[in-house]
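**Student:** what would the 3D arrangement of this be:
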Amino acid sequence: MHILQIAILTGLLIFAAWHDSRHFRIPNALVFPGAVIGVLLNSLLPHDMGGLGILTALAGLGVGLIVLLPLYLLRALGAGDIKLMAMIGAFAGPASMLMITAYVLLAGGVLAIGVVLVRGKLSKLMDNFRFMLLMRLAGSSSINLPTTETINQSAGKLPYGVAIAAGTLIYLVKMQWG
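**Tutor:** Coordinates of the predicted model:
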């Protein structure tokens, strides 16, 4: 990736993380133009300057859109998070998206643990985790499940755009200077 692409993507990611941490949403006014810029840069820059070509950029956008889609379908992530990943894919291409996703998921785990500890909701998280395990085990045995009245609510919202930005930036630093 060319330094111009890295600089633009970094700026977009920093703004997305800031906005998500303040408002718990990532605006379409950021991700859609960002995706267009990513595709255009990859289409217009020569290959020796980091240009991937339009088809590879579009494939990266598609992979970015799909890679965390199961978490959106489980309502663990918002649509803005998925669109932000698609935007990143338009810059990075499909091959890089798998490694970026691994870094994003690791950053998300660290973020979740940090937020739970800061908010003092570790016991609620553990109760919810136990419930998920019981639900999984109930399919194969006769375990008495808790009623809906005893199910704990969420341990809290996460600004996952922060994890997406952090994981992507870690990948970019390792790729560029690692």
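**Student:** could you point out which element follows the helix or strand of the chain with the lowest mean pLDDT?
**Tutor:** Ranking every helix and strand in the chain by mean pLDDT, DSSP states H and E puts helix 122-138 at the bottom, with a mean of 75. Moving toward the C-terminus from helix 122-138, the next helix or strand (DSSP states H and E) is helix 160-177.
**Student:** can you mark which positions in stretch 111-123 are buried?
**Tutor:** For stretch 111-123, burial by neighbour count (16 or more other Cβ atoms under 10 Å) applies to 111-112, 115-116, 121. (Glycine included, C-beta is placed from N, CA and C.)
**Student:** quick one: which of the residues you listed sit in helices?
**Tutor:** Counting by DSSP state H, the part of those found in helices is 111-112, 115-116.
**Student:** closest one of the residues you listed to Met132?
**Tutor:** Ala112 (14.0 Å; Cβ to Cβ).
**Student:** so what's Ala79 up against?
**Tutor:** Tyr72 (Cβ atoms under 8 Å, 6 or more residues apart in numbering).
**Student:** touching stretch 94-102 from outside, list them.
**Tutor:** The contact list for stretch 94-102 (Cβ under 8 Å, 6+ apart) reads 56, 59-60, 62-64, 67-68, 85, 88-89, 92, 167-168, 171, 175.
**Student:** can you pick the most crowded of these?
**Tutor:** Taking other Cβ atoms under 10 Å as the neighbour criterion, Ile88 ranks highest of those with 34 neighbours.
**Student:** any idea which element it lies in?
**Tutor:** Counting by DSSP H and E, Ile88 is found in helix 79-92.
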